[in-house]
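Q: structure for the following, please:
(4 chains)
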Protein chains: 2
Amino acid sequence: MDTLETRELRYFVAVAEELHFGRAAERLGMAQPPLSRAIQQLERRLGVLLLERNRRGVSLTAAGEMLLHEGRAALDATTAAARRTRRAGGADSPGGPRNRLVLAVKAGASHELLHKLIDAYAAEPDSAEIEVLPSGTCEQGEMLRDGRADVALMHKPFNSLAGFDSEELMTEGQIAILPTGHPLAAHKSLSLADVSDIPDLPLARWAHDGTYPPGPGPEIHDQTQLAQLIALGRTAAVFPDSARAWLWAEHTAVPLADAPPVVTHIAWPAHSRSLALAGLIRTATRL
Amino acid sequence: MDTLETRELRYFVAVAEELHFGRAAERLGMAQPPLSRAIQQLERRLGVLLLERNRRGVSLTAAGEMLLHEGRAALDATTAAARRTRRAGGADSPGGPRNRLVLAVKAGASHELLHKLIDAYAAEPDSAEIEVLPSGTCEQGEMLRDGRADVALMHKPFNSLAGFDSEELMTEGQIAILPTGHPLAAHKSLSLADVSDIPDLPLARWAHDGTYPPGPGPEIHDQTQLAQLIALGRTAAVFPDSARAWLWAEHTAVPLADAPPVVTHIAWPAHSRSLALAGLIRTATRL
DNA sequence: GCCCTGTCATACCCGGCGAGTATCACGGAG
DNA sequence: CTCCGTGATACTCGCCGGGTATGACAGGGC
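A: The predicted structure follows:
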């Protein structure tokens, strides 16, 4: 009567994302008619129009937009419950039901802090096993929400901490990484404006949720690729200070005076109530 | 295969809370055997033991504790999705699908700030209709989580802001409310220790989630009751400054020098993306 | 020792509903 | 006017969620 089933939410989210019953049904691995019926039933039960059926496709009503947002959150919470329960029961750990924490870290972020944290925590009594899960550029938040991770290292202002509890761990400046020998590389300090608009050295572009921001620079997927392109004098990049750790001889780092500082936080879902997590956070804040 | 249904979560949460299949089944309005089977199925699908079936009742395993916490969160998110969608579609508003915000306020909290906020917001262009929802002593958080409310006025350190976005609105001190004529009422200032242990004037006790904290003071349910008991010289109470607004002649307020300040925040679910909400927050921070 | 009680699990049956196939209604492009 | 492509409807079928009856088992009173 008033309780949504996750099946219904899955169906609706698929339709709302595809805006097309046929494609949504295909994605869900089912036929189109039962999907249509299910959505109609959902609309009847909620007493609300979710989709505007025009000729040539469908569009979301205001209520539909709301259910898309809230439904995604609910689905995330549900899969998170399943994942964390499996993990707590040791269903996926070969060495028995050992206590385990999954830590999401941006792939290619500073290893120094991470090493210190893991070593210090391992030295604690009763410490859990830590699995480090490399994450895409900005998806640590998703991973915490859908239960793939229990805790994450996040970097303000790139990651949003909204909805999580967090503790500040470290603040650092940002640098421009230029090809050694480039005229600008001789400077002691630069501004963002200096490097954002170099005609012969357009800034590289990373994929943000599957799509690239517009601009003249090359599209890159990983750090090695980027390092190579910089070394070849084809591009430049802006990184936090700690990126100095992986620079090559062909790279030169120049501090950016006016770039916003990058603050590394340790973050976790606000409702977490795990002893192992509490221990890790305690260790982290003492570093 | 790996997607929990809301029904399963409801069932498990009921059993985990009752720790008794029969009572849980009764609460769910069903017979006990199908409930037993559903839980077994759930355990098989997760590949994890959730309950320890001892003689004489059941107890939770570590995985069971995890699923209880996470499952409650997921259920809250699901019912929140349903409630907010209905509201966005105008299913419950008689005057058509008008844009509406539900604001949770602790019953009996300062009306002054609330009035200013509502008036200022109503004067904004394109403002939504605001429904003020009085909440129990500390349940604003629950209301935001399960969708009964969209936004709340919360009071640190009484409410936990964990998991919400918030903006600070006001800070005030705390006062002791004593019967006029009581010896302590003559003081210009008191400390917490002074009022927490008066032999003839034990502090009143409010219900916290259905149960009362231990102590000698009277158990009270609402503010009128409390006001009466203070006026009769039977008890005393500690409140934020703004409580002065409802004092009687028989009450005397004395500032508490060492009581922690009370900070009023406006708080909302971190993932909210509503224009009406954004407008209300903007108005609130400008007060 | 006995039986009674309270607990959760098992056996078996039934009905509803979720899902499939076939088809319709309708609008746009040619 | 016909042919697509869209979502909606009609009808059937089989699974599974739920009910009742009963079993297995451990404690407690006598």
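Q: so what's residue A:64 up against?
A: A:16, A:49, A:50, A:51 (Cβ atoms under 8 Å, 6 or more residues apart in numbering or on different chains). Any C-beta I mention is one placed from the backbone N, CA and C, and that applies to glycine too.
Q: which one is the first one nearest to, not counting chain neighbours?
A: The reference is to residue A:16. In space, and not counting its chain neighbours, residue A:16 is closest to residue A:68: 4.4 Å by Cβ to Cβ, 6 or more residues apart in numbering or on different chains.
Q: could you do the second one as well?
A: In space, residue A:49 comes closest to residue A:61 once its chain neighbours are excluded; the distance is 5.2 Å by Cβ to Cβ, 6+ apart.
Q: and that neighbour, its phi and psi?
A: phi -80, psi 180 (degrees, to the nearest 10).
Q: thought residue A:27 was touching residue A:21?
A: No: between residue A:27 and residue A:21 there is no contact under Cβ atoms under 8 Å: 10.8 Å.
Q: what count of nearby residues applies to the residue nearest to residue A:49?
A: When neighbours are counted by other Cβ atoms under 10 Å in any protein chain shown, residue A:61 registers 19.
Q: so what's it up against?
A: By Cβ under 8 Å, 6+ apart, the neighbours of residue A:61 are A:48, A:49, A:50, A:51, A:52, B:89.
Q: one more time with 7 Å
A: Each residue near residue A:61 by Cβ atoms under 7 Å, 6 or more residues apart in numbering or on different chains is listed here: A:49, A:50, A:51, A:52.
Q: now the two most distant members of those residues.
A: Greatest spatial distance in these: A:50 and A:52, 8.9 Å, computed using Cβ to Cβ.
Q: please identify which of those two sits among more neighbours.
A: residue A:50 (25 against 11).
Q: leaving out the residues flanking it, which one is nearest to the more buried one?
A: Spatially, and ignoring its direct neighbours in sequence, residue A:50 is nearest to residue A:64 (4.1 Å; Cβ to Cβ, 6+ apart).
Q: touching DNA strand D at all, the strand or helix carrying the one you found?
A: Using DSSP states H and E, residue A:64 sits in helix A:62-88. No: Helix A:62-88 is not in contact with DNA strand D by Cβ under 7 Å from any atom of the strand; minimum separation 12.8 Å.
Q: buried ones in stretch A:275-287, by neighbour count?
A: A:276, A:277, A:279, A:280, A:281, A:283, A:284 (16 or more other Cβ atoms under 10 Å in any protein chain shown).
Q: quick one: contacts for the first one?
A: Yep, that's residue A:276 we're talking about. A:99, A:101, A:128.
Q: before we move on, the earlier item: of the contacts of residue A:64, closest to DNA strand D?
A: The shortest approach to DNA strand D among these belongs to residue A:51, at 7.3 Å (Cβ to the nearest atom of the strand).
Q: check which residues of the one helix or strand residue A:12 maps to are buried.
A: With secondary structure defined by DSSP H and E, residue A:12 is part of helix A:6-18. Within helix A:6-18, the residues scored as buried using 16+ other Cβ under 10 Å are A:6, A:8, A:9, A:10, A:11, A:12, A:13, A:14, A:15, A:16, A:18.
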